[in-house]
Structures are given as C-alpha cells and as structure tokens.
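> model this:
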Amino acid sequence: MQQKEVLSVKQLSEYLELSETIVRRLVKDEEIPYNKIKGSYRFFLPSIREWLRSSTVNPGTNSTDDNANKRAEEIFASVN
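Purely as a prediction, here's the structure:
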C-alpha cells in the first residue's frame, strides 16, 4: 500500500507515535509545518520528514537550539 503524502492530525499522530493532543499543541505553538484547509489541519509528509531531520540533536555536539529542546520537554510534560 502506498503511503499518503498529506496526513490528518490523527494520521500524523500515528506516524510520529504521539498523541493527537501533542500534535495539536505543536500546531498551536507553530513548531511543526502544517496547512489549514477549510478549518482542518493537514501535514505534507515530505515537510514533516525535513522538520524531523532539521530538529535532530546529535549526541556529543552542542545544541544551538536549547530553547526548542526545553519547549519540547514542556509540551510533553504538560500532556503527561
């Protein structure tokens, strides 16, 4: 089966193995690439993959985006 290029909140949450609440919070905080089409959020899979690549922290190197890491921790803590 061919994977879709455009995902809903539910489909993206399954793809990322995160709750829909976390995905919606990432959208609200504009921390993830998305489109809004007639009131519904949609995610272009190639953009999501690029977002994941660009936000990867490599062990042993200094992170230049400590604020983003702290914010991600806050989001996960507030949902759990």
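> any idea how far Ile48 is from Asp29?
The spacing between Asp29 and Ile48, counted by C-beta to C-beta, to the nearest Å, is 16 Å. Just so you know, the C-beta spots here come from the backbone N, C-alpha and C atoms, and that holds for glycine as well.
> Tell me which of the two has more neighbours.
Higher neighbour count among Asp29 and Ile48: Ile48, with 17 against 12, using other C-beta atoms under 10 Å.
> What helix or strand is that one located in?
Assigned by DSSP states H and E, Ile48 belongs to helix 45-54.
> What ranges does the protein have for its helices?
Remark: helices assigned in the chain by DSSP state H are 9-16, 20-28, 45-54, 66-79.
> rank those by mean pLDDT and give me the bottom one.
Of all the helices of the chain, the segment with the smallest mean pLDDT is helix 66-79, scoring a mean of 66.
> now Arg25: how far from Lys36?
When distance is defined by C-beta to C-beta, Arg25 is 15 Å away from Lys36.
> Between the two, which has more neighbouring residues?
Set side by side, Arg25 and Lys36 show more neighbours around Arg25, with 18 against 9, by other C-beta under 10 Å.
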